[in-house]
Structures are given as C-alpha cells and as structure tokens.
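>>> task: produce atomic coordinates for the following.
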Amino acid sequence: MRARRSSLNSGASWPTLGTAEARVLDHQLKLHRWARSEPDRRFDDVFNLVCDRATLIVAWERVISNRGAKTAGVDGVTRLAVRADDVVPFLEELRSSLRDGSFVPLPVRQTTIPKKGGKRRTLGIPTLRDRVAQMALKLILEPIFEVDFYPSSYGYRPGRRAQDAIAEVHHFCKPSTYEWVIEGDPPPGPGVSPLGRCRTTRWLRGEPHGHAAGRGHLPAAGQHLLVGPGPSVR
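Down below sits the predicted model:
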C-alpha cells in the first residue's frame, strides 16, 4: 500500500480524537478489503500508517482506556503522569523516534499475580510509551492478518471472546456425531500470544508468508512487538 506522503509525513497539526478515529477506521477498512480481495498482495508502506498522527492518537486512547494503564513499566510512568497538555509532546517524541529509527523499547517489568490452586502467573508490563507503539502496530496490522484466520478461531481476535468458542462447541455437540472436545494450550514465548506466535514471528523475521510488508521496516516493527523480558522488578 502506497501512502500519500503529503498527508502522512507532513508538518500537519494533530487531529482531534473523532477525526483520528475516522481516519484510522478508513485505513483499516481499506487494508482489510485489499487483504481479502488480493491474497498475494504485499503491503510495503504500512510503517507510514503506523507513524501517522491519527494512528498514534487512537493508540494512546486505547492504551489509557485500559485499566492496566494505571500500572507503570520500568520507567515508573503511568497515564496519570502524562497530563492533558503533555499528550501531544509525548506522542510527537514517540513519533519522531519511530520515524528516525532511534526508538528502542525498554525492558519489560515482570511481576506475578495469584492463580487458582495457589500458583502464580508471571506478567510482563511494558512501559506506557512502548504500549502505545505496540497498539499503533496492532491497529494497522490486525486488519491485514485477520483475513487469514479461520472462522472457527476465537483467540485474541477483535469482537470475539472465549464465550463465543464455548457456544460453538455446544452447537456442534448437540445433536451431532461429535463426541470429543480437545483443548490445547501451548507454552507461550516471550511477549507474543500463543495463537499468533508462529505466523507473526515468521513475518517479523523477514520470511514473507502471504501478506508481507517491505523488509526495510521489519526490524523496527519487530522491536515493538517482541520485547524481551528484561529485569525482574516486583
């Protein structure tokens, strides 16, 4: 996809949230439509969309609307630390570092939460800045990769949840010839969900499969998605 550089990379002012959401939705609909109608299409200019001001504003709003935004990464910064007047400078600095290649994700803060049975689950908490970069990538890449999923896939997909998968299991189990339900939970790798790990890792390592982006931007994209575990900070 060739972005119009006059609009994406100019010195234009930052859009309002409403304008930004409409712009991002338009990008997503086009990317999804092209990915579906042209399975072999190469999207070789998506990084400009990731760095678009509208994408970063929507990414910021998505991140701070999550209650996890109150939890800081290794830098100690939460959404409360970024005042309303500081949001644009915060995003402008992030955008500049993404565009000039100087962006380096910080280590992930590690903590644990209790699970049933007395066990504990390890969580990795990226910094607020890194979460915004990750969300910006998600906003642009998700519409492309969504077309490759089977209709029966429910994990880590927009508009789907575990209850939908359970409902489908019930649907096929009565009345039918199905007798078995098999549940699998492969051990996840660092920083990547288990259901998307294989496909995403191949793409980020520069091994094109289906909808691949230009290789010139793969290392930068990989930095935002595959952040290492970093030091243990409790």
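>>> where does this protein have low pLDDT?
1-12, 176, 184-234 (pLDDT under 70).
>>> can you pull out the helices in it?
5-8, 17-37, 46-50, 53-65, 87-100, 128-145, 162-173, 197-204, 218-225 (DSSP state H).
>>> contacts for the longest one?
Counting contacts by CB atoms under 8 Å, 6 or more residues apart in numbering, the residues outside helix 17-37 that touch it are 1, 15, 41, 43, 46, 49, 52-55, 57-58, 61, 139-140, 142-147, 211. Every C-beta, even on glycine, is put in place using the N, C-alpha and C of the backbone.
>>> now the angle between helix 53-65 and it, please.
110 degrees (axes from the mean of the first three to the mean of the last three CA atoms, to 10 degrees).
>>> which of the residues in helix 17-37 are classified as buried?
Within helix 17-37, the residues that count as buried by 16 or more other CB atoms under 10 Å are 20, 23, 24, 27, 28, 31, 32, 34, 35.
>>> now do that helix against helix 128-145, angle only.
40 degrees.
>>> restrict helix 17-37 to CA atoms and write it as CSV.
Taking C-alpha atoms only, helix 17-37 is exported to CSV below (Å, rounded to 0.1, in the frame of the first residue of the first chain):
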residue,chain,number,x,y,z
LEU,A,17,-9.9,12.2,18.5
GLY,A,18,-13.0,12.0,16.4
THR,A,19,-11.1,12.9,13.2
ALA,A,20,-8.3,10.4,14.1
GLU,A,21,-10.8,7.6,14.8
ALA,A,22,-12.5,8.1,11.4
ARG,A,23,-9.1,8.3,9.6
VAL,A,24,-7.8,5.1,11.3
LEU,A,25,-11.1,3.3,10.5
ASP,A,26,-10.8,4.3,6.9
HIS,A,27,-7.3,2.9,6.8
GLN,A,28,-8.4,-0.4,8.5
LEU,A,29,-11.3,-0.9,6.1
LYS,A,30,-9.1,-0.4,3.0
LEU,A,31,-6.3,-2.7,4.4
HIS,A,32,-8.8,-5.4,5.2
ARG,A,33,-10.6,-5.1,1.9
TRP,A,34,-7.3,-5.3,-0.1
ALA,A,35,-6.0,-8.2,2.0
ARG,A,36,-9.2,-10.1,1.4
SER,A,37,-9.5,-9.4,-2.3
